[in-house]
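A.B. asks: Next come a sequence and a model predicted from it.
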Amino acid sequence: MRDLSPQGARSFLFNIKEALMSKQEEYEHSQLYRIRHSTSHIMAEAVLEKFPTAKVAIGPAIEDGFYYDFDLPRSLTPEDLTEIEARMKELICEGQAFVRQEITAQQAKELFKDQPYKLELIGGLEQGGLDEDGNPTDERIPITIYTSGHFTDLCRGPHVQNTREINPDAVKLLNVAGAYWRGDEKRPMLQRIYGTAFETKEQLDGYLWKMEEARKRDHRKLGKELDLFSQNDEVGQGLILWHPNGAMIRHEIERYWDDEHIANGYDFVYTPHIGRSNLWETSGHLGFYKENMYSPIVIEDQEYYIKPMNCPFHIQIYKSAMRSYRDLPIRYAEKGTVYRYERSGVLHGLMRVRGFTQDDAHHFCRPDQMPAEIDFILSFSLSVLRAFGFSEVSAYLSTMPQKSVGDPALWADAEQALEEALKRAGLPYELDAGGGAFYGPKIDLKIKDALGREWQLSTIQFDFNLPERFGMEYIGEDGQPHRPYMIHRALLGSMERFFGILIEHYGGAFPVWLAPKQAMLIPIADRHLDYAYELAKRFKQAGLRVSVDARAERMNAKIRDAQNAKVPYMLVIGDREMEAGQVALRRRSGENPGAMSVEEFLALAKQEIVEKI
RNA sequence: GCCGGCGUAGCUCAAUGGCAGAGCAACCGCCUUGUAAGCGGUAGGUUAUGGGUUCGAUUCCCAUCGUCGGCUCCA
């Protein structure tokens, strides 16, 4: 654990930022980074051999590998990738040296005269101010080229000395995808080949295993297999149908969410799905968010918009009465369903949809209450996330951007409150300077799932804009009107996305409290059916979700099916159990505790439900 | 939205310019079973939709819709 205490003039924030940057820099200086970057050059060499007229763009190393973008005479096929990969391995085995050379812009232009993308890059380097990715930089960058084999590339490096440092058995091309030149949708679409490289074959296999594992846990796959949710052509893209199993899980999530909110001083509100255009004009959404909103519905000559956010409604509830400083903080919570236009290409299972339910809340407080309110939101959020098995949480703190509204002094206050709350919560965080919304700074919380992948869930956003626009007030101790602070907060984000993350986190094997079916009663023969039904009734009365598998199947088949449905408890009932008034427990894990009394099983189940395991 | 791939029974997947098939699931029987699939039978299709080429299209071409991998954008 790093010492996080401030030292001298160096702020805590600075330390953290430095620590995180050095992690990135560490990678950029590693041998693995060189291997990947060099492998991408080898790939370009192989591609140019195959397509001599190809235009090359850029080919960096990235987090899990590398890519290279090409402008090619035709679309690549999977067979091309196999061929290119095979050729790459040959090139690697040739033991090509990587030779660095510094040249002038003039020489570079001559060398790459047939490569328009390179010429554009050279232009950027020549003028300065732009690095090879087109990002602004103050550095004066020398123009360097690297030659390996028959391929010379404009490149900053670094590279391996020789391809002998690359393990040909630890190199693999993964897929082809379209990518805009310089990420700009107005520029040409190039073909990007993704690949990866490691130092050893074992590491590559480990990576591929992880990819395979992620594929197996894909929420879209499990959603179908476990009958949790679906989408439907006739209903429309990005609109989710929650099936009974998924809906039961959502119900349990919401029940817990409700209980926790009530216990923590929130008031529930419910608001409509549409609102008049005036509302959205006042809120500013028609000004800055219109491209994400659906076309209006006209009712008696008035335009109504389907809501993309809940905040204007909550504000109107606040404004429905005169508020005293004594009333604050006010915390309005709503699982509010919103609709946003998303481009068809970005939709993805439950993770990115067009209609979703935010677990939304708006906090209104006095300036003096603000630090405590942030503290509260943060610790409340962490405790709820923990209940879902997410104990590894980290944060992004995003501060004032160039364009912003609100008094800079208020921004500074808010940013400080956010930062100190993070410190008190002991959360590791990263600073995204200038990354806040125009209306306020924010904290985003991200969690790590069972596969170590990070997902952003919660967001805690200050808003200096809406209270102003809506003219929100409270009467202070001095008898004068004052403007309240407003904080938006989504804890799980959206029910859809959270559910998707949860499915993948648990691999479909939900803890007992969430499992749509908690126990399956498995009678061995028909003569055990009555006893099974009697038990089922009793378990249901005790609040358990159970079924009897009464099919004319072998016990083995029933176990197999319950196992595949990831039911946590299988209760086998045969002559012995019936006689002794017992059940024989088999767990989803394969663990087989065996026969126990009905009371024992109930106590065990209740315990695990309470403990959320 | 853009580039590319894909779309065959409820699900997972075959096949071919010339009668569209399997396993699982469903349904009907038989079996009455001890910790991951008992056996037999029946039914199930305008091959996503709409055009075109062809004597003939599920197969080839075009468009639309959906979906997958990315890009861009984001809860």
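C.D. replies: Structure received.

A.B. asks: Nearest to the spatial middle of chain A, which residue is it?
C.D. replies: A:Trp455 (3.1 Å; CA atoms, centre = their mean).

A.B. asks: Look up the residues forming beta bridges with that one.
C.D. replies: A:Ile447 (DSSP bridges).

A.B. asks: what sits against it?
C.D. replies: When contacts are counted by CB atoms under 8 Å, 6 or more residues apart in numbering, A:Trp455 touches A:446-447, A:449, A:501. Just so you know, the C-beta spots here come from the backbone N, C-alpha and C atoms, and that holds for glycine as well.

A.B. asks: cool, A:Glu225 as well?
C.D. replies: A:508, A:564.

A.B. asks: how about a cut-off of 10 Å?
C.D. replies: Neighbour list for A:Glu225: A:508, A:564-566 [criterion: CB atoms under 10 Å, 6 or more residues apart in numbering].

A.B. asks: got it, and A:Gln456?
C.D. replies: A:395-396, A:444-447, A:493, A:497, A:501.

A.B. asks: how close does the closest residue to A:Gln369 other than its chain neighbours sit to A:Gln31?
C.D. replies: Nearest non-adjacent residue to A:Gln369, counting by CB to CB, 6 or more residues apart in numbering: A:Pro329, 5.5 Å away. Relative to A:Gln31, A:Pro329 is positioned 53 Å away (CB to CB, to the nearest Å).

A.B. asks: Look at the closest residue in space to A:Thr53 that isn't next to it in sequence and give its secondary structure.
C.D. replies: Leaving aside its sequence neighbours, A:Thr53 sits nearest to A:Pro73 (CB to CB, 6+ apart; 6.0 Å). Per DSSP: H, G, I helix; E, B strand; the rest coil, the secondary structure class of A:Pro73 is coil.

A.B. asks: State the number of residues packed around A:Pro73.
C.D. replies: 9 (other CB atoms under 10 Å).

A.B. asks: Beyond the helix or strand that contains A:Thr144, next helix or strand please.
C.D. replies: For A:Thr144, the host element (DSSP states H and E) is strand A:143-148. Where DSSP H and E defines the elements, the next helix or strand beyond strand A:143-148 is strand A:151-154.

A.B. asks: May I see the ChimeraX selection of the buried members of the contacts of A:Trp455?
C.D. replies: In ChimeraX, a selection of the buried entries from the contacts of A:Trp455 looks like this (16 or more other CB atoms under 10 Å):
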select /A:446,447,449,501
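
A.B. asks: As CSV, the contacts of A:Trp455 with distance to RNA strand B and pLDDT would be great.
C.D. replies: Shown next, in CSV, are those (distance: CB to the nearest atom of the strand, whole Å; pLDDT from 0 to 100):
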residue, distance to RNA strand B, pLDDT
A:Lys446, 9, 93
A:Ile447, 12, 94
A:Asp449, 14, 91
A:Ile501, 9, 96
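
A.B. asks: Is the residue in the stretch 51-200 of chain A that RNA strand B sits nearest to in a helix, a strand, or coil?
C.D. replies: Of the residues in the stretch 51-200 of chain A, the one nearest RNA strand B is A:Gly178, at a distance of 2.6 Å by CB to the nearest atom of the strand. Put simply, A:Gly178 is strand when judged by three-state DSSP.

A.B. asks: tally of neighbours for the nearest residue to it once chain neighbours are set aside?
C.D. replies: If the residues on either side of it in the chain are set aside, A:Gly178 comes closest to A:Met189, at 4.9 Å by CB to CB, 6+ apart. Neighbour count for A:Met189, taken as other CB under 10 Å: 12.

A.B. asks: swap in A:Gly246?
C.D. replies: That count, for A:Gly246 with other CB under 10 Å as the rule, works out to 22.

A.B. asks: hey, which helix or strand in chain A has the poorest pLDDT?
C.D. replies: helix A:12-28 (a mean of 58; mean pLDDT, DSSP states H and E).

A.B. asks: near RNA strand B at all, whichever helix or strand comes after that one?
C.D. replies: Following helix A:12-28 in sequence order, the next helix or strand is helix A:31-50 (DSSP H and E). No: with CB under 7 Å from any atom of the strand as the criterion, RNA strand B is not reached by helix A:31-50; the gap is at least 14.9 Å.

A.B. asks: Could you list the buried residues of helix A:31-50?
C.D. replies: A:33-48.

A.B. asks: What backbone torsions are found at A:Gly95?
C.D. replies: Per-residue torsions, A:Gly95: phi 70, psi 50 (degrees, to the nearest 10).

A.B. asks: ok, now how distant is it from A:Cys155?
C.D. replies: 20 Å.

A.B. asks: for A:Arg250, same thing?
C.D. replies: From A:Arg250 to A:Cys155 the distance is 50 Å (CB to CB).

A.B. asks: Over to A:His251?
C.D. replies: In terms of CB to CB, A:His251 sits 55 Å off from A:Cys155.

A.B. asks: Which of these two has more residues huddled nearby?
C.D. replies: Neighbour count, other CB under 10 Å: between A:His251 and A:Cys155, A:Cys155 has more, with 24 against 14.

A.B. asks: Does that one touch A:Ala61 like I think?
C.D. replies: No: A:Cys155 is not in contact with A:Ala61 according to CB atoms under 10 Å; the separation is 11.2 Å.

A.B. asks: Common neighbours of the two, please.
C.D. replies: Joint contacts of A:Cys155 and A:Ala61 (CB under 10 Å, 6+ apart) are A:37-38, A:40.

A.B. asks: of those, closest to RNA strand B?
C.D. replies: Looking across these and measuring by CB to the nearest atom of the strand, the closest to RNA strand B is A:Ser40, at 14.9 Å.

A.B. asks: Show the contacting residues for that closest one.
C.D. replies: So A:Ser40 contacts A:58-62, A:65-68, A:88, A:153, A:155, A:159, A:193-195, A:197 (CB under 10 Å, 6+ apart).

A.B. asks: buried subset of those?
C.D. replies: A:58-61, A:65-68, A:88, A:153, A:155, A:159, A:193-195, A:197.

A.B. asks: Sort out which of those are in helices and list them.
C.D. replies: A:Met88 (DSSP state H).
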